[in-house]
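> A structural model of the following input is requested.
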Amino acid sequence: SAGGETSSPLPRYNFKEVNMIEEKEKNELASETEDKKEEIFEETVSPENDEVLPDPEKEAEIAKIKAEAIAEYEAKKAAEAEALNKKKDEEKKSLRKTFSACGWSVLVLIGVWMGIILGFSAVIGFLEILSTSEFFNFQTSPQDFYMKYYLVINEVSLLVAVFIASLLLKTKNPVKPEKHSVSFGKFAILFPICFAISTIGNIISNAFTIFSSFFGGNATDELTEILSSTNVWLTFVCVGIIAPIIEEIFFRKMLIDRLRPHGEMVCLVVSSLFFALFHQNVGQLFYAFGIGLVLAHLYYHSGRCSLNIILHAIFNMIGTIPLFFYDTLLELEDVLYRILEEGESFMILSEFVLPIMLYLLYALVLFALSISGIIIICTNYKKIKIQKTQSALSPAEQRTVFWKTPGVIVSVIVTGILTIASLF
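Purely as a prediction, here's the structure:
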């Protein structure tokens with residue numbers, strides 16, 4: 001363990017094995033008692049007629065032996081149960097402290113991040129009002145400047161928020177993971193898996209969006225609007241490089257290094273849940289959770305955050321490629337309108353042949369990756385091995401501690417409300 005904290009692994013209690021051991025001890029106790037009883041029995045048998053002679057003293061001795069053996073066994077079991085309960089209480093306290101630190105840090109991260117963005121928006125709004133007066137003459141509209149560089153402002157705000165949120169995590173010392181190499185084949189296979197999860201997640205998100213429309217929902221893809229209004233290369237750098245670095249450092253390295261002592265399942269589910277809710281929109285909720293599981297599994301076993309950043313960055317970069325075709329597709333839409341409504345010649349479509357072919361090739365590659373990823377998941381899901389926890393707590397007890405931790409409750413409620421609000 002890091003930070004000078006020495007952590008000894010707690011023994012895992014397999015309750016089925018405990019019951020088998022208890023049954024064996026009972027049988028041994030009964031056998032010893034019967035042997036003693038037989039010994040006393042042989043001493044009280046008449047050699048002439050093999051009849052048992054009543055001997056109250058011997059019977060009392062047998063009863064005493066039984067009582068002492070049972071009392072000794074029960075005392076031993078009581079001591080073991082007390083020791084187990086003590087270990088459980090200690091681990092619950094440690095687990096609650098870890099969950100609380102994670103929950104509050106995520107809430108502070110989102111609060112500071114949104115606070116900076118809103119503050120900057122207020123300043124831009126004030127400058128926009130000033131620009132209408134004759135005393136101020138801005139060469140560029142403050143609002144245009146804000147939209148043009150929104151992603152840069154967003155990533156800088158997120159970086160500041162991560163730094164402040166990380167201060168809360170200092171209450172729980174991290175456990176540095178052992179670094180293990182990952183073969184190129186095993187790493188490469190994660191890409192189609194991520195795209196398969198993304199496709200399935202988007203289908204579920206779209207279903208929720210359609211369902212919400214029956215209740216007055218009017219969800220808009222704000223992310224696409226923001227990305228399309230920003231310089232495509234700036235978007236490529238911010239979304240494809242800077243965002244993955246910041247997110248992987250916080251949601252994988254910082255959170256998992258503190259959750260690691262409580263087992264792989266806790267690391268995977270908790271970090272992925274917070275990662276999904278962090279995005280605050282239904283459009284990314286489901287696939288962010290699924291991809292978060294893949295990224296958490298990779299970091300838990302490799303201990304190399306750099307691999308996570310590479311995987312996350314390439315996934316995001318591929319996702320931004322359609323932005324290079326955005327203006328072309330808008331022009332194509334206008335040209336098709338002129339052809340169909342105004343009767344212009346189809347020859348004007350010739351300049352769109354190459355970009356359309358490239359875009360269709362991109363879509364075909366994504367489709368192939370998604371299908372291959374689904375096949376890989378369906379044929380290999382049974383091979384996925386979750387490392388056994390050394391916890392004295394059962395998974396159900398760990399879940400109970402999680403959902404009863406105030407930091408988790410408040411964080412999930414706030415981010416959940418923001419996510420649901422994105423539908424309306």
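> tell me which residues are up against stretch 271-286.
102-103, 106, 109-110, 200-202, 204-205, 208-209, 212, 219, 221-223, 247, 251-252, 255-256, 259, 288-290, 292-293, 296, 411-412, 415-416, 418-420, 422-423 (C-beta atoms under 8 Å, 6 or more residues apart in numbering). For glycine as for every other residue, the C-beta is placed from the backbone atoms N, C-alpha and C.
> ok, now with 7 Å
Contact partners of stretch 271-286, identified using C-beta atoms under 7 Å, 6 or more residues apart in numbering, comprise 102, 106, 110, 201, 204-205, 208-209, 219, 221, 223, 251-252, 255-256, 259, 288-289, 292-293, 296, 412, 415-416, 418-419, 422-423.
> ok, longest helix in this protein?
helix 56-130 (DSSP state H).
> contacting residues for Q398?
95, 262, 266, 391 are the contacts of Q398 under C-beta under 7 Å, 6+ apart.
> give me the below-cutoff pLDDT ranges for the chain.
1-54, 171-172, 217-225, 227-229 (pLDDT under 70).
> what residue is smack in the middle of it?
S272 (1.4 Å; C-alpha atoms, centre = their mean).
> can you list the buried residues in the helix or strand containing that residue?
Element membership for S272, per DSSP states H and E: helix 264-278. Residues of helix 264-278 classed as buried: 264-278 (neighbour count, 16 or more other C-beta atoms under 10 Å).
> okay, the helix or strand that comes right after that helix in CSV with CA atoms only?
Sequence-wise, the next helix or strand beyond helix 264-278 is helix 282-302, with elements assigned using DSSP H and E. Extracted as CSV, the C-alpha positions of helix 282-302 are listed here (Å, rounded to 0.1, in the frame of the first residue of the first chain):
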residue,chain,number,x,y,z
VAL,A,282,-29.2,10.3,-21.0
GLY,A,283,-27.6,10.3,-24.4
GLN,A,284,-24.2,9.2,-22.9
LEU,A,285,-25.5,7.5,-19.7
PHE,A,286,-25.7,3.9,-20.8
TYR,A,287,-22.7,3.6,-23.0
ALA,A,288,-20.6,5.6,-20.6
PHE,A,289,-21.4,3.1,-17.9
GLY,A,290,-20.6,0.1,-20.2
ILE,A,291,-17.3,1.5,-21.5
GLY,A,292,-16.5,2.6,-17.9
LEU,A,293,-16.6,-1.1,-16.9
VAL,A,294,-14.1,-2.0,-19.7
LEU,A,295,-11.8,0.9,-18.8
ALA,A,296,-12.0,0.0,-15.1
HIS,A,297,-11.3,-3.7,-15.8
LEU,A,298,-8.3,-2.7,-17.9
TYR,A,299,-6.8,-0.4,-15.2
TYR,A,300,-7.5,-2.8,-12.3
HIS,A,301,-5.5,-5.6,-14.0
SER,A,302,-2.8,-3.6,-15.8
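> go through helix 282-302 and flag the buried ones.
Buried, per 16+ other C-beta under 10 Å, within helix 282-302: 282-302.
> go on, stretch 327-336?
328, 332, 335.
> what residues does that stretch touch?
Contacts for stretch 327-336 (C-beta under 7 Å, 6+ apart): 348-349, 352, 355.
> same check, this time on stretch 124-138
Contacts for stretch 124-138 (C-beta under 7 Å, 6+ apart): 141-143, 146.
> again, only this time at 6 Å
With contact meaning C-beta atoms under 6 Å, 6 or more residues apart in numbering, stretch 124-138 is reached by 142-143, 146.
> got the end-to-end distance for it?
12 Å (C-alpha to C-alpha, to the nearest Å).
> also stretch 296-307?
For stretch 296-307, the first-to-last residue distance is 11 Å (C-alpha to C-alpha).
> ok, which stretches of the stretch 201-350 of the chain are helices?
Counting by DSSP state H, counting those that start in this stretch, the stretch 201-350 of the chain has helices at residues 222-228, 232-237, 243-247, 255-259, 264-278, 282-302, 305-320, 326-342.
> looking at these, which is nearest to A75?
helix 264-278 (34.6 Å; C-beta to C-beta).
> run the angle between that closest one and helix 282-302 for me.
Interaxial angle, helix 264-278 versus helix 282-302 (axes from the mean of the first three to the mean of the last three C-alpha atoms, to 10 degrees): 150 degrees.
> quick one: helix 264-278 to helix 56-130, angle?
Using the same axes, to 10 degrees: helix 264-278 against helix 56-130 is 20 degrees.
> buried set for stretch 125-136?
Quick answer for stretch 125-136 (16+ other C-beta under 10 Å): 127-128.
> how about the CA coordinates for that stretch, as PDB?
Output of stretch 125-136 as PDB, limited to C-alpha atoms (Å, rounded to 0.1, in the frame of the first residue of the first chain):
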ATOM      1  CA  GLY A 125     -23.600  37.700 -21.100                       C
ATOM      2  CA  PHE A 126     -22.600  40.900 -19.300                       C
ATOM      3  CA  LEU A 127     -20.000  41.700 -22.000                       C
ATOM      4  CA  GLU A 128     -22.600  41.000 -24.700                       C
ATOM      5  CA  ILE A 129     -24.900  43.600 -23.100                       C
ATOM      6  CA  LEU A 130     -22.100  46.100 -23.000                       C
ATOM      7  CA  SER A 131     -21.300  45.500 -26.600                       C
ATOM      8  CA  THR A 132     -24.600  46.900 -27.600                       C
ATOM      9  CA  SER A 133     -23.700  50.300 -26.100                       C
ATOM     10  CA  GLU A 134     -21.800  53.000 -28.000                       C
ATOM     11  CA  PHE A 135     -19.000  53.000 -25.400                       C
ATOM     12  CA  PHE A 136     -17.800  49.500 -26.100                       C
END
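> from the chain's centroid, how far away is that stretch?
Stretch 125-136 has its C-alpha centroid displaced from the chain centroid by 45 Å (C-alpha atoms, centre = their mean, to the nearest Å).
> ok, back up a step: chain center to the helix holding S272, what's the gap?
2 Å.
> and what of stretch 91-111?
So, by C-alpha atoms, centre = their mean, the centroid of stretch 91-111 is 14 Å from its chain's centroid.
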